[in-house]
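> could you work out the structure for the sequence below:
(one chain, ligands or ions: 1)
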Amino acid sequence: MAYYVTTPIYYVNAEPHLGHAYTTIAADVLARHMRQRGEDVFFLTGTDEHGEPVAQAAERLGTTPRELADRNSVRFRALAERLGATNDFFIRTSDPEHEAMVADVVQRIHDSGHIYAGTYEGWYCPRCADFKTEAELLEGDRCAIHKIALEKEKEDNWFFRLSAFQEPLERLYAENAQWVVPETRYNEALSFIKGGLTDVSMSRSSMSWGVPVPWDTRQVIYVWIDALLNYYTALSYAREGEDLTERFWPATVHLIAKDILKFHAVIWPALLMAAELPVPGRVCIHGYLLMDDEKMSKSLGNVIDPFAIIDLYGNDALRFYLLREVAFGSDGSVSTEGFEKRYTTELANEYGNLASRTLAMIFKYRDGVVPAGEPPAALRAEFEGLATRVSERFDLTDLSGALDLAWVLVRRLNQYVSEEAPWKLAKDESAAERLDSVLYALAEGLRVLSLVLHPILPDATVRLLDALGHEDRSLDSAEFGAHAGGGRIGELGQLFPRIEAPADAAATG
Ligand code: MSP
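Residues are numbered from 1 along each chain as shown. Prediction:
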């Protein structure tokens, strides 16, 4: 089955921060998990380079939009790499292939009568690149997201007949309860649609940094139309000499945060319908990472630098922390102190220690060979169907739920060690069989847990699976008891070493 997952393409007006890392991590976790299930996966991320957000930032910095885009796109690409993201392509909206295809699709929409000339008069936030209604503004005519004072503008634009898609959109929602998840966001988007759709500008005449409107080159295509189309255009040129559109379109899931819900849940499907293209399977909305109760954002200056966190603690720790600390779908506060705490108590003590103790005991008591043994039925029952249950959570894009199912069993194994006290069994020759069974159960439990946790902790789990002598990374093999004893284990070292560095070294802002 084809599985196509995307992140938003990030604005290159500034360097990436932890909020961007969050969505990329989530998409990567899904992509890795689906590959473990043998699916045909395509994972896309990239950068959004046109429009006022970038043009104005460049002006402030005294550089050109292209230069700024080149500089920051490299940073976003580097972040994806540092996060261990297994994206199959990194799109830039300044790619000539993307630009050409955007012009084609927009021309098609125009030819089918869904675009007309008009005049926009109203509020516009150049940071959001969004037209705002009076009701959306904060006191003092400020943008509710960026808090900057807005100006009323009037310009001749080309308009997209969004209002013509009111009914088709309502039908899409009625026929597909999972089209937008979670349900609160589905309801929010649907009530926006039901409130009555008005046509939207699809071009800008007051700036030139963008893709020219094919039939009116004095204007550029509105950056959001250009950006949304990335999900479609990328497939046509991601592989040289090969068009992947047939294979992967429509996307299975677009991951976004709620700031860009309207664009993805309303404008995007309407655009696709206008271009007579199939609509994606799902838009999944996660919450905001907050710092001091405010959305982490570069313009508010309250950001954590993901590179610094990875330098200190490693990539696995960052991935784990974000999915564990913030229930996927809800907003949640993050802090370097909270990070430090989970690193030590959960990763180092609960998982890392369990692994090193287990291997050390197998070395010490059984010469480094996992004994064959019959694990207790109760423990076996608790692992029963774990991979399926975790997969169900992932299918619902409940990433934190999937992680929690596994973590309950990490804790269960720690409890099992305390209950059985293998070091005592080792002193009693008549308990040899029991010790075999305990050591086997621990090795087997760790093997299964490492497989299901692999998408979240790609580095540590591979090290542990290697040490346990298990090469197969597929979820099929994540069944407790599927691996018989008798294998020789290897050296592991510390999975999550103690970190002495000050926790707040990563906070900037
Ligand atoms: N360029 C547009 C998206 C176009 S997609 C066709 C854009 N870019 S952005 O750089 O502002 O990125 C917004 C996205 O970054 C959010 O939707 C979310 O995925 C991620 N996040 C940015 N800050 C975040 C938090 N503080 N918390 C969670 N996610 C965050 O909008």
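
> going forward, measure contacts and count neighbours with C-alpha atoms only.
Fine.

> now do the contacts for the closest residue to Pro278 other than its chain neighbours.
Nearest residue to Pro278 in three dimensions, chain neighbours excluded: Pro250, at 5.9 Å (Cα to Cα, 6 or more residues apart in numbering). Pro250 is in contact with 4, 232, 278-281, counting by Cα atoms under 8 Å, 6 or more residues apart in numbering.

> what about Pro250, which SS state?
Here Pro250 is coil, with the state taken from DSSP: H, G, I helix; E, B strand; the rest coil.

> where's the residue in the stretch 51-200 of the chain that the ligand sits nearest to, which helix or strand?
Per Cα to the nearest ligand atom, Cys128 is where the stretch 51-200 of the chain lies closest to the ligand, at 7.2 Å. Under the criterion DSSP states H and E, no helix or strand holds Cys128.

> phi, psi of it?
phi -80, psi -20 (degrees, to the nearest 10).

> what about the residue nearest to it when sequence neighbours are not counted, neighbour count?
Distances taken as Cα to Cα, 6+ apart place Pro53 nearest to Cys128, at 7.0 Å, with adjacent residues excluded. Neighbourhood size, Pro53 [other Cα atoms under 10 Å]: 21.

> before we move on, what about Arg108?
Neighbours around Arg108, by other Cα under 10 Å: 16.

> was I right about it contacting Ala275?
Yes: judged on Cα atoms under 8 Å, Arg108 makes contact with Ala275 at a distance of 6.4 Å.

> ok, then the element right after the worst-scoring helix or strand of the chain on mean pLDDT?
Ranking every helix and strand in the chain by mean pLDDT, DSSP states H and E puts strand 294-295 at the bottom, with a mean of 82. Note on strand 294-295: by DSSP H and E, the next helix or strand toward the C-terminus is helix 306-313.

> contact residues of the protein facing the ligand?
8-11, 19-20, 23, 48, 227-228, 256-257, 259-260, 287-290, 295-297 (Cα under 6 Å from any ligand atom).

> do that again at 5 Å, thanks
8-11, 19-20, 23, 48, 227-228, 256-257, 288-289, 295-296 (Cα under 5 Å from any ligand atom).

> which among those residues gets closest to Leu68?
Nearest to Leu68 out of these is Tyr11 (Cα to Cα; 10.6 Å).

> now the closest one. Its backbone dihedrals?
phi -70, psi 140.

> wouldn't it be in contact with Gly46 here?
No: here Tyr11 lies out of contact with Gly46, judged by Cα under 8 Å, at a distance of 9.2 Å.

> report the distance from whichever strand or helix holds Ser73 to the chain centre.
Assigned by DSSP H and E, Ser73 belongs to helix 65-82. Here helix 65-82 is found 18 Å from its chain centre; the criterion is Cα atoms, centre = their mean, to the nearest Å.

> ditto for stretch 127-147
On Cα atoms, centre = their mean, the centre of stretch 127-147 falls 27 Å from that of its chain.

> need the residues that contact that stretch.
For stretch 127-147, contacts defined as Cα under 8 Å, 6+ apart pick out 51-53, 122-125, 148-151, 223-224, 299-300.

> same deal with stretch 209-224?
50-52, 55, 65, 99, 102-103, 107, 129, 157, 201-208, 226, 263.

> in strands only, show me the residues you listed.
157, 201, 203-204 (DSSP state E).

> tell me which two of those residues sit farthest apart.
So for these, where distance means Cα to Cα, the most widely separated pair is Ser201 and Arg204, at 7.6 Å.

> okay, and the common contacts of these two?
Common neighbours of Ser201 and Arg204 (Cα under 8 Å, 6+ apart) are 157-158, 222.

> tell me the buried residues within these.
Buried members of the shared contacts of Ser201 and Arg204, scored by 16 or more other Cα atoms under 10 Å, are 157-158, 222.

> so which of those sits lowest on pLDDT?
Minimum pLDDT for these is recorded at Asn157 (93).

> so it sits right up against Ser206, yeah?
No: using Cα under 8 Å, Asn157 is not in contact with Ser206, being 9.6 Å away.

> show me the strands in the stretch 151-300 of the chain, by range?
Secondary structure of the stretch 151-300 of the chain by DSSP state E, counting those that start in this stretch: the strands cover 151-160, 180-181, 200-201, 203-204, 212-213, 216-221, 253-257, 282-286, 289-291, 294-295.

> tell me where the model's unsure across this structure.
501-509 (pLDDT under 70).

> domains for it, by residue range?
Domain assignment for the chain by automatic domain parsing gives 2-286, 336-477.
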